[in-house]
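Colleague: mind looking at a prediction? Sequence and model below.
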Amino acid sequence: MASASHRRSLRKRRTVVVSAAVVAAGVGAGAVVMNANAGTVDLYHQTLAAKDGWASSGTGTTGGSKADSAHTFTVSTRAQLVKALGSVSDTTPRIIKVKGTIDANTDDAGKKLTCANYASGTGYSLTSYLKAYDPATYGRSKLPSGTQETARAAAQKKQAANIVFKVPANTTIVGEPGTNAGISGGMLQIQNVDNVIVRNLTFAATEDCFPQWDPTDGDDGNWNSNYDAVTLRGATHVWADHNTFTDAPHLDSANPEYFGREYQIHDGALDITKSSDLVTVSRNRFTNHDKTMLIGSSDSEPSGKLRVSIHHNVWKGIVQRAPLARVGQVHIYNNLYDVTTLNGYAVQYSINSRAKAQVVAANNYWTVPSGVKVAKLLSGDGTGAIAGSGNLVNGTATDLVAAYNAASSKDLKTTVNWTPTLTAGLETSASSVKNLPASLATTTGAGVLS
């Protein structure tokens, strides 16, 4: 079934690109990896290993590994990516190799598009929008409506038509090694489909040109944006591995304020919502971002779904939602959280368990600077649970839940209704966990696979 995983202790094996002669001998075209423990692995046809998190459950996650030559594509432009993805209803297995960085904000001919291009013809202007919905005259009791809100929605719809890439079932999307592969300014939408693999890509600069003002959001209102770099909505059997997620080059510190609130153009990095299920998120790098990973879009999502495994990732310069979990059974292990403020991104919390979420967070490592209290690393609404042990803070074993509960009026529960069994690669020894800052430095994010 699944190929042996290159992620079984990357520190204990060596990886080399196999020569063309080896490829010609029958391994297949494309990037090929030599694993000293498991033999030769074709990166583009690789499948999720058995027992590697929730995405390995049941039928497992094989992506487009069965694709024929007619459904194997190499793409380097937005137009080529759209063509390779084809219709979202076409379940034919396909492999899409991304070569270089694809700029989503370009037209079919490759011409650069700006926010002004999307606004053109809609009647929208930020100046007019701000004038129409200034709380001093419009008030704070209702969402914007009328001419400028209609124009904003139309402009946002034009941008979405250009930058949202809809991924069909049975698809593998992999960055071609050595090409700085990634997608700038775009969103991969994995919605109501099964069996998708996304690997070795940098997702950067996913920005909403037209955030909506919501005066009813919180005490002071908020600007809300619309695009995640990768979004799962009702998706099943998804493996996101060795990707990098960042706001760069436009960081939140550069955002202006309107109506006294930050004009936020970034939404999530990797959101898993709308009863998505059976997801493994491994060896990614999340950096320079605020609302990073949402599991469950509302407190009222039905139970029985939102089963997610999150392991061997690096979270650095992340404000919150690493992740925020609702309802589901979520296993978080062997991750590195560096909560040192980075480029203005200061931690609010790392893990939030709410809406009766059943989270097991074990054998993770937090780097915490002086001045940041351990009680800030977790959050909850009083109904969620976080179990697990073996977590280290600056190298010292620490009961994070006890620290949080001692400082909070809404205690996290400490027992869960399930026991993780799909735990391939789990490192439990104190020495292994203590080594996570070093081991994950060279084995996570895009550009590592070869």
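Modeller: Cool, got the structure.

Colleague: Thr77 - how many residues pack around it?
Modeller: Thr77: 16 surrounding residues under other C-beta atoms under 10 Å. Placement of C-beta: from N, CA and C, glycine included.

Colleague: ok, Val327 next?
Modeller: Residues lying near Val327 (other C-beta under 10 Å) number 25.

Colleague: repeat that for His289.
Modeller: 29.

Colleague: quick one: it and Gly328, what's the gap?
Modeller: When C-beta to C-beta, to the nearest Å is the yardstick, His289 and Gly328 sit 22 Å from each other.

Colleague: low-scoring pLDDT stretches of the stretch 51-200 of the chain, where are they?
Modeller: Along the stretch 51-200 of the chain, no part satisfies pLDDT under 70.

Colleague: and the strands in it?
Modeller: Secondary structure of the stretch 51-200 of the chain by DSSP state E, counting those that start in this stretch: the strands cover 72-75, 94-98, 101-103, 164-166, 171-175, 182-184, 187-191, 194-199.

Colleague: centre of the chain to the third one, how far?
Modeller: Distance of strand 101-103 from its chain centroid, counting by C-alpha atoms, centre = their mean, to the nearest Å, is 18 Å.

Colleague: ok, now the last one?
Modeller: Using C-alpha atoms, centre = their mean, the distance from the centre of strand 194-199 to the centre of the chain it belongs to is 13 Å.

Colleague: the helix or strand following that strand pairs with which strands?
Modeller: Along the chain past strand 194-199, the next helix or strand (assigned with DSSP states H and E) turns out to be strand 202-204. Looking at strand 202-204 with DSSP bridges, its partner strands are strand 182-184 (parallel), strand 244-246 (parallel).

Colleague: so which of these gets nearest Ser432?
Modeller: Taking C-beta to C-beta, strand 244-246 is the member of the strands paired with strand 202-204 nearest to Ser432, at 23.7 Å.

Colleague: all the helices of the protein, residue numbers only.
Modeller: 20-22, 78-85, 115-119, 126-132, 135-138, 147-163, 400-407, 430-434, 436-439 (DSSP state H).

Colleague: would CSV of those helices with distance to Val314 and mean neighbour count be doable?
Modeller: Conversion of those to CSV gives the following (distance: least, C-beta to C-beta, whole Å; neighbours: other C-beta atoms under 10 Å):
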stretch, distance to Val314, mean neighbour count
helix 20-22, 32, 10
helix 78-85, 27, 18
helix 115-119, 31, 18
helix 126-132, 36, 15
helix 135-138, 40, 12
helix 147-163, 26, 18
helix 400-407, 18, 18
helix 430-434, 14, 15
helix 436-439, 9, 17
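
Colleague: can you redo those helices as TSV with distance to Ala55?
Modeller: Compiled in TSV, those are given as follows (distance: least, C-beta to C-beta, whole Å):
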stretch	distance to Ala55
helix 20-22	29
helix 78-85	21
helix 115-119	35
helix 126-132	41
helix 135-138	45
helix 147-163	26
helix 400-407	26
helix 430-434	23
helix 436-439	22
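
Colleague: can you tell me which of these is nearest to Thr340?
Modeller: Evaluated over the helices of the chain, closeness to Thr340 peaks at helix 436-439, with 11.9 Å, by C-beta to C-beta.

Colleague: list phi and psi for the closest residue to Pro249 other than its chain neighbours.
Modeller: Distances taken as C-beta to C-beta, 6 or more residues apart in numbering place Ala205 nearest to Pro249, at 6.5 Å, with adjacent residues excluded. Dihedral pair for Ala205: phi 60, psi 40, per degrees, to the nearest 10.
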